[in-house]
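Peer 1: sharing a model that was predicted from the sequence below.
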Amino acid sequence: MAEHTDGDEIADLLATTPTGGFLGGKWVEDGDRFTVDDPSTGLPLVDVVDNPPERFLEALDIADRTRESLAATTTHQRAEVLRRTYELIVRDSERLATLCTLEMGKPLAESRAEVAYAADFFRWFAGEALRVDGGYRPNPSGTGRILTLQRPVGPCLLITPWNFPIAMGARKIAPALAAGCPSIVKPSELTPLTMLALAALMEEAGAPAGSLSVLPTLDAAATTGPIIADRRLRKLSFTGSTAVGKQLIAQSAEQVLRVSMELGGSAPFVVFDDADLDAAVEGAMAAKMRNGGEACTSANRFLVHESVAEEFTARLTERMAGLSVGRGLDEGVEVGPLIDERAQVRLRDAVADVAAAGAEVNTGGAPLDRPGWFFAPTVVSGIPASHPFGDDELFGPVAPIRTFTDDEQAIAMANDTPYGLIAYAYTRDLERALRVCDRLESGMVGINRGVISNAAAPFGGVKHSGVGREGGFAGIHEYLETTYVGLP
């Protein structure tokens, strides 16, 4: 294990965190290893097993052998496992939050919120497991009856991202188990520790043998490709970039897999002329700076009516400039590091390019001169209309501001993107708010709110931002097939 020097408590935490693979109910430790780094320092935290392709195929063998017995368990049994997992996450919430901050970098307060969010998925789907039902009704022609049944789709491959290392896994694992589907989870190689810790809690909660495998790896393509091509796999769920999502959808077509894709976003944050600017600035800070901007739901394009743009920009600049940046475990820190050096360089170059094109960098705009992958919270205004800054996800603490003159232009600008995950709008006019909701091409809309994620709500996008929904009443149905039975 790589040496870490952050004190006895952290050393003990890392020493007691699983670093192998969880293979259908047993832990495997053999094989090559790779290093998980602390983005706050760039130094190694711990070494994790690099699970090879044959181990992923073994996990699929186990899932295939388990599918019938897991489907045959009662919904009460599955709900109890989910409920106990919820309780164990709550019990270990501080430990999990610290682990999340260590490997991802976000402030401890945000990690605590993520752990609570993850726990809520287990609590929600413990209830939904009991409500899987079908239907029975007369055929409208009067010639018989229509019976519909719901059954588990079968073995699932769940690919989770680095930015919410426990919540995104929970959002997939909980409905899969609630529906009776065995799962194979490939966590991000950047943040596998929290997901391995979750696997240990599910084992403690009594998850049926074979119902879950969690296998970190450095080579996603080599390990997941053969599984996706195998006819025994029936479902693929992925959270990550649109580019990778498109490749996975293409691969999934060969076996006609059920897919859930939560992909990239370029969220517009629209501030109308009648907006409560105090509320709009607060919402902007939440929508932009949650997770340090490293979130698919992060406000990526601030579209502000020209009559309030100067005041909004000044207020947002003051708030962004006043944020405390530092190591996530330190007291009072509001913004942690970016995930790695590539993210830091990408943001640095993007801001430098738009500044060279004539935009004004109101605050920030560069990496901080300290160890780790820190970037100063940044506001950019006066962006040339033809410049693509903000068209794609910035994925960091950078807020581009553009202006509009009327509602039609605002909606056109908001929709002028291949993405459609989430949009935000601030207005005091209820009629305008409803009209905007009808016309925004987005899977989710926040009206006068900067954060709307909720385990009880359907999460997902349209256009290039994804397929399917996670959470809410729809979440479990992504893991169920419907069978129609015609009765005389």
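Peer 2: Now that the structure is in, tell me what you want to look at.
Peer 1: secondary structure element holding the residue nearest the centre of the chain?
Peer 2: Computing the C-alpha centroid of the chain and ranking residues by Cα atoms, centre = their mean puts M168 first, at 4.7 Å. For M168, the host element (DSSP states H and E) is helix 167-179.
Peer 1: got the contact list for the next helix or strand after that helix?
Peer 2: Using DSSP H and E, the helix or strand that follows helix 167-179 in sequence is strand 183-186. Strand 183-186 has contacts (Cβ atoms under 8 Å, 6 or more residues apart in numbering) with 56, 59-60, 63, 155-160, 169, 172-173, 176-177, 195, 199, 211-217, 220, 223-224, 227. For every residue, glycine as well, the C-beta is placed using N, CA and C.
Peer 1: swap the cut-off to 7 Å and go again
Peer 2: Residues from elsewhere that reach strand 183-186 (Cβ atoms under 7 Å, 6 or more residues apart in numbering): 56, 59-60, 63, 156-160, 169, 173, 176, 195, 212-215, 217, 220, 223-224, 227.
Peer 1: just the C-alphas of stretch 397-409, formatted as PDB.
Peer 2: These are the backbone C-alpha positions of stretch 397-409, laid out as PDB (Å, rounded to 0.1, in the frame of the first residue of the first chain):
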ATOM      1  CA  PRO A 397     -15.500  26.500 -11.000                       C
ATOM      2  CA  VAL A 398     -15.900  28.800 -14.100                       C
ATOM      3  CA  ALA A 399     -19.000  30.800 -14.800                       C
ATOM      4  CA  PRO A 400     -19.500  32.300 -18.300                       C
ATOM      5  CA  ILE A 401     -22.000  35.200 -18.500                       C
ATOM      6  CA  ARG A 402     -23.800  36.200 -21.700                       C
ATOM      7  CA  THR A 403     -26.700  38.600 -22.200                       C
ATOM      8  CA  PHE A 404     -30.100  38.500 -23.900                       C
ATOM      9  CA  THR A 405     -32.700  41.100 -24.800                       C
ATOM     10  CA  ASP A 406     -36.100  39.300 -24.600                       C
ATOM     11  CA  ASP A 407     -37.700  36.000 -23.700                       C
ATOM     12  CA  GLU A 408     -37.600  34.600 -27.200                       C
ATOM     13  CA  GLN A 409     -33.800  35.200 -27.400                       C
END
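Peer 1: pull the distance from it to the chain's centre.
Peer 2: Shown here is stretch 397-409, whose average C-alpha point lies 26 Å from the average C-alpha point of the whole chain (Cα atoms, centre = their mean, to the nearest Å).
Peer 1: would you confirm that the residue nearest to the centre of the chain contacts L158?
Peer 2: No - when contacts are counted by Cβ atoms under 7 Å, M168 is not listed as touching L158 (8.9 Å).
Peer 1: average pLDDT for stretch 109-122?
Peer 2: For stretch 109-122, the mean per-residue pLDDT is 98.
Peer 1: typo on my end, it should be stretch 133-151
Peer 2: 94.
Peer 1: stretch 59-79 now?
Peer 2: Taken as a whole, stretch 59-79 carries a mean pLDDT of 98.
Peer 1: for it, which positions count as buried?
Peer 2: Neighbour-count burial for stretch 59-79, with 16 or more other Cβ atoms under 10 Å as criterion, is recorded at 59-60, 62-64, 66-67, 70-71, 73, 75, 78-79.
Peer 1: which of those residues lies closest to E189?
Peer 2: A59 (16.8 Å; Cβ to Cβ).
Peer 1: that older thread, which other residues reach the helix holding M168?
Peer 2: Defining contact as Cβ under 7 Å, 6+ apart, one finds that helix 167-179 is touched by 78, 81-82, 114, 117-118, 121-122, 125, 128-129, 132, 152, 156, 158, 160-161, 183, 185, 187, 195, 198, 211-212, 237, 239, 470-471, 475-476, 478-480.
Peer 1: put the alpha carbons of it into PDB.
Peer 2: What follows is the C-alpha trace of helix 167-179 in PDB, where atoms were taken according to Å, rounded to 0.1, in the frame of the first residue of the first chain:
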ATOM      1  CA  ALA A 167     -24.200   8.600  -4.900                       C
ATOM      2  CA  MET A 168     -24.100   7.600  -8.600                       C
ATOM      3  CA  GLY A 169     -23.500   3.900  -7.600                       C
ATOM      4  CA  ALA A 170     -26.300   4.000  -5.100                       C
ATOM      5  CA  ARG A 171     -28.700   5.500  -7.800                       C
ATOM      6  CA  LYS A 172     -28.000   2.400 -10.000                       C
ATOM      7  CA  ILE A 173     -27.400  -0.400  -7.500                       C
ATOM      8  CA  ALA A 174     -30.500   0.200  -5.300                       C
ATOM      9  CA  PRO A 175     -33.100   0.000  -8.100                       C
ATOM     10  CA  ALA A 176     -31.400  -3.000  -9.700                       C
ATOM     11  CA  LEU A 177     -31.500  -4.900  -6.400                       C
ATOM     12  CA  ALA A 178     -35.100  -3.700  -5.700                       C
ATOM     13  CA  ALA A 179     -36.100  -5.100  -9.100                       C
END
